[in-house]
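1. What follows is a predicted protein model with its sequence.
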Amino acid sequence: MHTKSTLFFALVALGSLNACSPRDTTATTTSPPVAIEPAAKPIHSSWDVDNDGINDCEKDGSCNHSIDYTQPRPAHNPSCNQAEGSIGQLVCTTPELAALDNHLADIYSAARNKAVNEQAPRLNAEQHGWLKGRDDCWKADDKKLCVKTEYERRISELQAVYQLVEHNGPIHFECDGSPIKQLTATFYQSDTPTLIAKYGDSESLMYSAVAASGAKYVGRNESFWEHQGEARVVWGYNTPEFVCKKAE
């Protein structure tokens, strides 16, 4: 009896202590949500020349929201510059055009590697001439489209002339029903499909064009429109069309 009474009073005392102890509300308290800042996009290493983790444009005040800094910086060459209002500035600050500029630089380098003897100086002179022509796009109503077209055509021209891509040909055609009037055509799988045709003592590079049927290519003053082995050809400014058929 004594043992049971002692146990009873001990339990009562323990209950009283628990009842008087302050309740721990830490587990039930809801903390306000912590705002998570969106992770900054990593910059490409070419935009951080001194490798300090800060975009170089932040130091010279040239940062532009239209530029994708996760992509490589456009090559520092005459085709890309920051002169106010220039076509070069348009190239530098338009990601699509900057990418084409880099692509052209790679293609041009590959062409130089294949150029031999007198070809290298001619290639360099032609590139400077092309650059001046590209800069004439400032006169165009749609400057971006004009520049884009100039890049695409120059890239495809180099790919074809220096045979940097797969090709089909040369394929021989007889023109005007005469075996002595020969035209040869080589088709290139360049970025914009191209054709190099030779007729007589002259040669023409042409670019793929939209046609109702068959395959059509258009150059400076020449055109070649083939359908089922027969081609309608214009060769020279304001000259009459003639017909060529694939040689047997």
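-> Sure, I can see it.
2. Return the helix or strand harbouring residue 197 as CSV; C-alpha atoms alone will do.
-> Per DSSP states H and E, residue 197 falls inside strand 194-199. The C-alpha coordinates for strand 194-199 follow below in CSV (Å, rounded to 0.1, in the frame of the first residue of the first chain):
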residue,chain,number,x,y,z
THR,A,194,25.2,26.6,-105.4
LEU,A,195,26.1,25.7,-109.0
ILE,A,196,29.3,26.5,-110.9
ALA,A,197,28.7,26.4,-114.6
LYS,A,198,31.3,26.7,-117.4
TYR,A,199,30.3,27.6,-120.9
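3. Now do it: which elements does it pack against?
-> With contacts taken as 3 or more C-beta pairs under 8 Å, 6 or more residues apart in numbering; DSSP states H and E, strand 194-199 sits against helix 143-161, strand 178-188, strand 202-209, strand 215-218, strand 222-227, strand 230-235. The way it works is simple: take the backbone N, C-alpha and C, and place the C-beta from them, glycine included.
4. Least confident of the ones you listed, on average?
-> Mean pLDDT is lowest for strand 178-188 among the helices and strands packed on strand 194-199, at a mean of 92.
5. which outside residues touch that one?
-> 156, 159-160, 163, 165-175, 193-199, 224, 226, 231, 233, 244, 247 (C-beta atoms under 8 Å, 6 or more residues apart in numbering).
6. redo that, cut-off 6 Å
-> 160, 165, 167-173, 175, 194-199, 244 (C-beta atoms under 6 Å, 6 or more residues apart in numbering).
7. Kindly calculate the angle that it makes with strand 230-235.
-> 90 degrees (axes from the mean of the first three to the mean of the last three C-alpha atoms, to 10 degrees).
8. Strand 178-188: partners in the sheet, and parallel or antiparallel?
-> Next to strand 178-188 in the sheet, as set by DSSP bridges, lie strand 167-175 (antiparallel), strand 194-199 (antiparallel).
9. What angle do helix 143-161 and that strand make with each other?
-> Angle between the axes of strand 178-188 and helix 143-161 is 120 degrees (criterion: the same axes, to 10 degrees).
10. For residue 134, which of the strands paired with strand 178-188 is the nearest?
-> Proximity to residue 134 (C-beta to C-beta) singles out strand 194-199 among those, at 18.3 Å.
11. mind listing what's buried in the closest one?
-> Within strand 194-199, the residues that qualify as buried are 194-197, 199, counting by 16 or more other C-beta atoms under 10 Å.
12. Tabulate these (JSON lines), appending distance to residue 44.
-> Converted to JSON lines, the buried residues of strand 194-199 look like this (distance: C-beta to C-beta, whole Å):
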{"residue": "194", "distance to residue 44": "32"}
{"residue": "195", "distance to residue 44": "37"}
{"residue": "196", "distance to residue 44": "37"}
{"residue": "197", "distance to residue 44": "42"}
{"residue": "199", "distance to residue 44": "47"}
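13. Off-centre distance for stretch 226-238?
-> The chain centroid and the centroid of stretch 226-238 are separated by 32 Å under C-alpha atoms, centre = their mean, to the nearest Å.
14. so how far is the first residue of it from its last?
-> 20 Å (C-alpha to C-alpha, to the nearest Å).
15. List the buried residues for it?
-> Buried, per 16+ other C-beta under 10 Å, within stretch 226-238: 226, 231, 233-235.
16. Quick check: residue 204 touching residue 195?
-> No: counting by C-beta atoms under 6 Å, residue 204 does not reach residue 195; the two are 8.3 Å apart.
17. just to revisit the earlier point, quick check: which of the strands paired with strand 178-188 is nearest to residue 119?
-> strand 194-199 (15.4 Å).
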